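Enquirer: Can you look at this prediction? I've put the sequence above it.
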There are 2 protein chains.
Amino acid sequence: QLLATVGGSGPDASSNRDALVNTLERRLFYIPSFKIYRGVAGLYDYGPPGCSIKSNVLAFWRQHFVLEENMLEVDCPCVTPEVVLKASGHVDKFTDLMVKDEQTGTCYRADHLLKDFCNDKLQKDLSISSEVAAELKHVLAVLDDLSAEQLGEKIKQYGIKAPDTKNPLSDPFPFNLMFQTSIGPSGVSRGYMRPETAQGIFVNFKELYYYNGNKLPFAAAQIGQAFRNEISPRQGLLRVREFTLAEIEHFVDPEDKSHPKYSEVADLEFLMFPREEQMSGQSAKRIRLGEAVSKGTVNNETLGYFIGRVYLFLTRLGIDKDRLRFRQHLANEMAHYAADCWDAEIECSYGWIECVGIADRSAYDLRAHSEKSGVSLVAHEKFAEPKEVEKLVISPVKKELGLAFKGSQKNVVEALEAMDEKEALEMKAALESKGELDFYVCTLEKNVTIKKSMVTISKEKKKEHQRVFTPSVIEPSFGIGRIIYCLFEHSFYTRPSKAGDERLSVFRFPPLVAPIKCTVFPLVQNQKYEEVAKIISKSLTAAGISHKIDITGTSIGKRYARTDELGVPFAITVDDESSVTIRERDSKDQIRVSVEEAATVVKSVTDGLSTWDEVWSQFPHHVTGASEE
Amino acid sequence: QLLATVGGSGPDASSNRDALVNTLERRLFYIPSFKIYRGVAGLYDYGPPGCSIKSNVLAFWRQHFVLEENMLEVDCPCVTPEVVLKASGHVDKFTDLMVKDEQTGTCYRADHLLKDFCNDKLQKDLSISSEVAAELKHVLAVLDDLSAEQLGEKIKQYGIKAPDTKNPLSDPFPFNLMFQTSIGPSGVSRGYMRPETAQGIFVNFKELYYYNGNKLPFAAAQIGQAFRNEISPRQGLLRVREFTLAEIEHFVDPEDKSHPKYSEVADLEFLMFPREEQMSGQSAKRIRLGEAVSKGTVNNETLGYFIGRVYLFLTRLGIDKDRLRFRQHLANEMAHYAADCWDAEIECSYGWIECVGIADRSAYDLRAHSEKSGVSLVAHEKFAEPKEVEKLVISPVKKELGLAFKGSQKNVVEALEAMDEKEALEMKAALESKGELDFYVCTLEKNVTIKKSMVTISKEKKKEHQRVFTPSVIEPSFGIGRIIYCLFEHSFYTRPSKAGDERLSVFRFPPLVAPIKCTVFPLVQNQKYEEVAKIISKSLTAAGISHKIDITGTSIGKRYARTDELGVPFAITVDDESSVTIRERDSKDQIRVSVEEAATVVKSVTDGLSTWDEVWSQFPHHVTGASEE
């Protein structure tokens, strides 16, 4: 059979994508939101089959991660006060660089314009010299690292204009990607729609740690909406302004990142793309996960465990393992605090798309919220025996500080006590040599003068009964919409109709994902067959198999085609009062079973208790007449 | 046994509520959001057990409504462009009246201040005359109907000041309750966070009708977040700024509101509170649903069907049927377009709380979006034979209109064609008597003069092949958080500990709702018992029963108390290598079963295949030693 599939970078990629998108929109897998009002860029609805697939993906996510690992699932609001996102860094740093058409005010992403220009030149302008070509390629390679100034320079140098009007462009400036709003009626309390769900978990760390019996490691999880006010969304479902995230924050002792179930995934082998291979221009290669961890390519066991679990999750959904790779972040891509970071990237007709990020974020987030909120987000490890340790002791002399700073005394005391070892030893040295020094108190937002009489700093030996530390967090973060779109591409193919006059669309969703598991068709309109169909429907309901009856008089071939387009894996056709046929979607093979057996057989294959091949070898085959397909 | 329950209006209501809220917060059923930053009024997180209960409630909702009725589920974004909410009326009318402290700017809901004043006076001021008391009671009764002016007058008359400062208050003014934001980077495209999920369904009517094979009736459903920027949230989980709604829009032919499955609910009998009983000061009474529909108290069968289905949904979740009533909206409560409206109200310690609204909204929403978008949202009924009908024909004379209105001709033509029968006949009469008349063209926002030569209006006999009409919509809308809070109150009770020295909290959640179905406890810390516990755990997992093992050395009584507090219905205690006990939460009764049977028995009672009473009569009873509870 001739199968045309979507994806890859061959010449057919975009025409196959057109066929896919046509099927997706026509059968309401998704709908541009507010379509009757001409829509809003970057906003999409899931229609009935899309919504069902999304539910199935999320239910499997809960099963595979939350239940399997006993994670603590929480559900926090989208509306978030500014202070939280100030602490997380989003208010200051969650930006894209934007340029404006100086006459119309239309906004563009600066990097997109530069990227389009370079690609265009490279593809269409045959007159450019090899030096220019090399420079353009270099710009594309370093695009993500360019500062506002560097981007602006390139745009000027290449004479890039506004694409729609050819007007001149402003210099690039940062645009914050959060949707801003105001909480309460006074207008003074600024809030944002959360750009990720993770912060809701971090701010609850203390409560969750207590809930878990004050024990590490444990993971919390959250599924929910997140928002990014993209400057100019493109690539359909891949870059949208509102999307569903599923995030896990696994809290672990930074001194012990082993994982008890690591051995269950260590022997998995799949495409990995370590930093070194990227730098030296090689491509991704199949590596055994256990080897990548033991060699230190993957930073630690827990990170490795989650990479393995993500691989299993995605491939069980139906993602093609040959178009799935785990790419390590380059040093310049990674946040300065991150210990290691890998993206699960899925190849589709738009290229390799980041669908899951798996990062070891070390102690960054908990520390940031500890500092901003003043609530200490730490874990404790009780020692079996007390340990003797040398410890820095900072003792502010409150009387002196009170005289000097009056009402601000408390702020100064807290700031002194919050110094880390390095700061404190520097202060000790300065006080001993100069007698006083300037000291910045962040809660007062100014420097104060600290004198030798105001604080004693010393190192003392102490018996400690416990270790207090900020846990590291390992964060697998799933873009559910992107995974679903890639699943659409990997599952879609077309095949010729029986008459050969048209191409029919099929989704080869596994039963786990399929929006409906089974359809029931009376072969012709006839009361007896409809009665049998109803009996089978009842037994399917009792077995918990989602299904649909189609009693329209449409030809059976058309009815098959209609459900193939929705990715329904099995169809039961009633052509007799005592036995019926079951058809498998991709092979179009049919077996004959008794009415009583029908639901049981479908259940066993949809639940994965047996395969279609097994069923095929157990039951008589049904050969279709020419009229049927 | 002495049981103390929450709710009712007795003197214990609020102290029991304190015990409930203490348990809910301590066990992380919910957490005030962003607590380490001192929280935000009206925002709450669900912690692990709350989140699990919410998932269970939503899964049952999908099962009970979406699957059972083959509804088309959709999933639309929260971010909504202004035009959609302008059409729905929310931009102009979704407001509460607010007053401001004239010195501090603090905002209050005007009706809340007046309500508190009246209640306070009535309860605490014994000196007021019976006339004054009667007036205050009258004010409370009509509170929801008062205009801004009337509210302002009362506030002045009673000398009500800002509660926190005693400063004077501003006049009441409307405050729009939607969270406003801006879509895209230019700042010109205003958007709001949706105040309900319904609009996402209405704007997709045309697509969904086509998906349903152009057939009525059908229902669409959506579960998702909605947002209301409350002026001053109070009552904990009952009045919040972000919440989960589950909404159904059932589209039906306005001339045939029968329902094929109506007979399945007609014999249900429960508390109903029709308009007449409310007006004449009676209370709710038990009425058979079929009687309410046949007498016309409930407007039509489909509305009745949904009332019955909502009753079944709520009571199966564990809502006490004696504290659940269906209250009909009074004429002045209902929107002018609504045909009928009933609220499912649940009684809790805050009074009777609206948790589900079930409204026949007639054709209002689809008409509003048709008008605003210019896309006709209608259904068609094909006639078996063409019918002869008398029809109004409006024929604008384009040449004359073009000469008179030039560029605005199109607007005038559209406005003329959009007239309903009454308007057209009035115009016809006026043109015949006076020769011309003033006519308001809404798209021009002004009056134009229409002359006799510009339009002919006549009634003609025509053959019609189909009927074109705007469907009515019947909308059951569920506030999931409110239902869950009421469920907490109806399920909570306390009972004395064995020693009698403290009161223990219990939630009597049905297994359907319980966050975890079963716990497994080795009676004492011991490797053999732990092995048995693991075997049972595996068989529970295989049976799909969510459960938890607790191998801490805590006394078995304390471990029971801990899980009673979470509402876990069954506990398996391992006190032997071949047999174990199963304890039921509310009776505390225990049976003895073999290790092999344990999971099967728990599954049969949690899935509702057998009752605890049945199981109790089949297995040997286990009598607890004094040390165990």
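Expert: Looks like it arrived, so ask away.

Enquirer: what residues does the stretch 451-600 of chain A put near chain B?
Expert: With CB under 8 Å from any CB of the partner chain as the criterion, the stretch 451-600 of chain A meets chain B at residues A:Ser546, A:Lys548, A:Thr552. Where you see a C-beta, it was placed from the backbone N, CA and C, and this is true even at glycine.

Enquirer: Find the centremost residue of chain A, please.
Expert: Among the residues of chain A, the one closest to the centroid is A:Phe478, at 2.3 Å (CA atoms, centre = their mean).

Enquirer: and that one, bridged to which residues?
Expert: On the basis of DSSP bridges, A:Phe478 is bridged to A:Ala246, A:Val356.

Enquirer: Name all residues that make contact with it.
Expert: Going by CB atoms under 8 Å, 6 or more residues apart in numbering or on different chains, A:Phe478 touches A:Trp61, A:Leu245, A:Ala246, A:Glu247, A:Val310, A:Cys355, A:Val356.

Enquirer: Check those and tell me the two furthest apart.
Expert: The span of the contacts of A:Phe478, defined through CB to CB, is set by A:Leu245 and A:Val310 at 14.3 Å.

Enquirer: Between those two, which is the more surrounded one?
Expert: Comparing A:Leu245 with A:Val310 by other CB atoms under 10 Å in any protein chain shown, the one with more neighbours is A:Val310, at 24 against 19.

Enquirer: Which secondary structure element is home to the more buried one?
Expert: helix A:301-317 (DSSP states H and E).

Enquirer: In that helix, which residues are buried?
Expert: For helix A:301-317, burial by neighbour count (16 or more other CB atoms under 10 Å in any protein chain shown) applies to A:301-311, A:313-314, A:317.

Enquirer: between the residues you listed, which is closest to chain B?
Expert: Of all the buried residues of helix A:301-317, A:Arg309 has the smallest distance to chain B: 17.0 Å, by CB to the nearest CB.

Enquirer: still on that earlier bit, how about the helix holding A:Val310 as CSV, C-alpha atoms only?
Expert: Only the C-alpha atoms of helix A:301-317 are listed here, as CSV (Å, rounded to 0.1, in the frame of the first residue of the first chain):
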residue,chain,number,x,y,z
GLU,A,301,20.4,9.3,38.3
THR,A,302,17.2,11.1,39.0
LEU,A,303,17.5,13.3,35.9
GLY,A,304,18.3,10.1,34.0
TYR,A,305,15.3,8.3,35.5
PHE,A,306,12.9,11.1,34.4
ILE,A,307,14.5,11.1,30.8
GLY,A,308,13.7,7.4,30.6
ARG,A,309,10.2,7.9,32.0
VAL,A,310,9.5,10.7,29.5
TYR,A,311,10.8,8.4,26.6
LEU,A,312,8.3,5.7,27.7
PHE,A,313,5.5,8.2,28.1
LEU,A,314,5.9,9.7,24.6
THR,A,315,6.4,6.4,22.7
ARG,A,316,3.4,4.8,24.4
LEU,A,317,1.3,7.7,23.2
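
Enquirer: Please list the residues outside stretch A:321-340 that contact it.
Expert: Under the criterion CB under 8 Å, 6+ apart, residues A:7, A:144-145, A:270-275, A:278-279, A:284, A:297-300, A:303, A:307, A:310-311, A:314-315, A:341-348, A:352, A:358-364, A:472, A:490 lie in contact with stretch A:321-340.

Enquirer: Report the buried members of those residues.
Expert: A:7, A:270-275, A:284, A:297-300, A:303, A:307, A:310-311, A:314, A:341-348, A:352, A:358-364, A:472, A:490.

Enquirer: Just the ones of the residues you listed in strands?
Expert: Among these, the ones falling in strands (DSSP state E) are A:270-273, A:341-348, A:352, A:358-360, A:472.

Enquirer: ok, so of the contacts of A:Phe478, who is nearest chain B?
Expert: A:Trp61 (12.1 Å).

Enquirer: which parts of the stretch 251-400 of chain A sit against chain B?
Expert: Contact residues, the stretch 251-400 of chain A versus chain B (CB under 8 Å from any CB): A:His369, A:Lys372, A:Ser373, A:Val375, A:Leu377.

Enquirer: most surrounded residue in those?
Expert: Tallying neighbours with other CB under 10 Å puts A:His369 at the head of those, with 25 neighbours.

Enquirer: That one belongs to a helix?
Expert: Yes: under DSSP: H, G, I helix; E, B strand; the rest coil, A:His369 falls within a helix.

Enquirer: which ones are touching it?
Expert: Residues near A:His369 by CB under 8 Å, 6+ apart: A:Val84, A:Ala87, A:Ser88, A:Phe202, A:Val203, A:Phe205, A:Val375, A:Leu377, B:Ile36.

Enquirer: go with 7 Å
Expert: Neighbour list for A:His369: A:Ala87, A:Phe202, A:Val203, A:Leu377, B:Ile36 [criterion: CB atoms under 7 Å, 6 or more residues apart in numbering or on different chains].

Enquirer: Contacts for stretch A:372-380, please.
Expert: For stretch A:372-380, contacts defined as CB under 7 Å, 6+ apart pick out A:83, A:86-87, A:205-206, A:209, A:214, A:216, A:366, A:369-370, A:466, A:468-471, B:36-37.

Enquirer: Return the subset of these lying in strands.
Expert: Those of those lying in strands (DSSP E): A:Gln466, A:Val468, A:Phe469.

Enquirer: quick one on the thing from earlier: pick out whichever of the residues of the stretch 251-400 of chain A next to chain B sits closest to A:Glu565.
Expert: A:His369 (48.2 Å).
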